[in-house]
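Enquirer: Have a look at this fold, sequence not included:
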Ligand code: OSB
Ligand code: MG
C-alpha cells in the first residue's frame, strides 16, 4: 500500500444537546477528518482531539500540525504491505496518539476497501452485533437527569453512565438508584477527584455501580492502585491508558479491573488490539469508549468493538443522539434492544457523504 495523498479537513458540527463533563461544557464539536488516497482507494479516519487540551493533551490544532509536519513525511512515498505496518512506522513520533489514530485507522479502512472486506473481518472481529450503553453529561437538575435516563432506557440502551464531579455526585446517583433499582449503572469522573477524597468515593458503593471510571488524575496510575485497594467497586481506567505499557502497569499494580479502550487515545488499531489482547490474557474486560465522534469515528468504534474481549456495553451509540445530520450513510442506528448490527459493506461499512462533509468543512489541506 502506497499513500499518494492525504486530505485534512476540519469540520464543525453542532451537538443536538450540550455535553457537560467535569472538565467543561461543549456545544459545538470541531473535528479533524483524514482522507487517505491509497492505490486509487480512499480510506477515512477521524482524530478525536478536542478543541482544547482538557481531556488529553492534544487538540485539533496540534493533531493538524503533527499530521502535516511529522506523520505525513513518514508515510509519503513509502510502500506498506498492510495497514498493520503503519503504527510501527510512526513510532519515531512520541505521543500524539490522536493524530496517529486518525491516519492509522484511515489506512485500515483503505486496506479493507481495497480487499473488498468489511474492516471488522480484517481486524479479526467476532461479534456481529455490539451492545450499547450511553454516556450522559452533567445536567442542571436531577429531574432533567432522570428524564434523560428514562428516555435512553426506553430507546433500549443496556447501560447508563453518568458524568460526575465534586458537588454533583452522590445525590444524582442516589436518586437514580431509587428510581431505577435494577439498571446497569456506572459513573465517569474524568479525573475530578484526588486520592484523599477516597472516603467520599467510598459512599458511592452503597449504589452498587458496575464501575467508577477514571476518578483520579489523568496520568496517575499509582494513586488509582491505592484507591482500588480501598474500594470493592471496580475502577475502570480511561485517561490513564495511552499505551500497552500503561495497560500492563495499571493491571499489574491493581489500579483497575476494567479498561475503556479508545482508538484515538491509544493511537490506532494496532495498539488498541495489543491492549485488548493483554487485557484478555489477564481476564480484564474491556469496552469501547466514545469521544462524541462524527459517523466516521463512530463507524471505527463499531469495528473495534467486534473484537472478542469487548464484553461490556460501550459508549457507542446512534448518530441521532449527537447529530441532527451525520456525515455517513446510512447513519448509525441502534436496535430496540440497545445493539448495533455490524455492517458488512467494505471498510468501515458506512459511506462518507462527501458533499455533506465539504459543506461543513472550515479548513482543508491536501498533502501529496
Ligand atoms: O470520558 O468517556 C469520556 C466524551 C468526551 C470526552 C471524554 C469522554 C466522553 C464521553 C462521551 O463519555 C462518550 C460518547 O461519545 O458518547
Ligand atoms: Mg471516560
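Expert: Received, thanks. Owing to the predicted nature of the structure, the values given are computational and were not obtained by experimental measurement. Ligands and ions are numbered 1, 2, ... in the order given.
Enquirer: how about the residue of the chain found nearest ligand 1, what does it touch?
Expert: Distances between the chain and ligand 1 by Cβ to the nearest ligand atom are smallest at residue 290, namely 2.4 Å. To be clear about C-beta, it is placed using only N, CA and C from the backbone, and glycine gets the same treatment. Counting by Cβ atoms under 8 Å, 6 or more residues apart in numbering, residue 290 touches 135, 262, 298, 301, 314-317.
Enquirer: give me the subset of those touching ligand 1.
Expert: Applying Cβ under 6 Å from any ligand atom to the contacts of residue 290, one finds that 135, 315, 317 fall near ligand 1.
Enquirer: Give me the buried entries from those.
Expert: Among the ones next to ligand 1 among the contacts of residue 290, those classed as buried by 16 or more other Cβ atoms under 10 Å are 135, 315, 317.
Enquirer: From the residues you listed, pick the one nearest residue 165.
Expert: Nearest to residue 165 among those is residue 135, at 14.2 Å by Cβ to Cβ.
Enquirer: And that closest one, what's its pLDDT?
Expert: Note for residue 135: predicted pLDDT of 98.
Enquirer: where's it, which helix or strand?
Expert: If you go by DSSP states H and E, residue 135 is part of strand 134-136.
Enquirer: Describe which strands that strand pairs with in its sheet and in which direction.
Expert: Strand 134-136 sits in its sheet next to strand 160-163 (parallel), going by DSSP bridges.
Enquirer: Okay, buried residues for the partner strand please.
Expert: By neighbour count on 16+ other Cβ under 10 Å, the buried set for strand 160-163 is 160-163.
Enquirer: With distance to ligand 1 and pLDDT added, can I get these in CSV?
Expert: Shown next, in CSV, are the buried residues of strand 160-163 (distance: Cβ to the nearest ligand atom, whole Å; pLDDT from 0 to 100):
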residue, distance to ligand 1, pLDDT
160, 12, 98
161, 7, 98
162, 10, 98
163, 7, 98
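Enquirer: Switch those residues over to TSV; also include distance to residue 279.
Expert: Below are the buried residues of strand 160-163 laid out as TSV (distance: Cβ to Cβ, whole Å):
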residue	distance to residue 279
160	23
161	19
162	24
163	24
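Enquirer: Around ligand 2, which positions in this protein sit nearby?
Expert: Residues of the chain lying close to ligand 2 (Cβ under 5 Å from the ion) are 188, 213, 238.
Enquirer: 6 Å - rerun?
Expert: Taking Cβ under 6 Å from the ion as the contact definition, the chain meets ligand 2 at 188, 190, 213-214, 238, 260, 289.
Enquirer: Would you check how far apart the residue of the stretch 201-350 of the chain found nearest ligand 2 and residue 72 are?
Expert: As assessed by Cβ to the ion, ligand 2 sits closest to residue 238 within the stretch 201-350 of the chain, at 3.6 Å. Remark: distance between residue 238 and residue 72 (Cβ to Cβ, to the nearest Å) = 29 Å.
Enquirer: which one of these two has more residues nearby?
Expert: residue 238 (23 against 20; other Cβ atoms under 10 Å).
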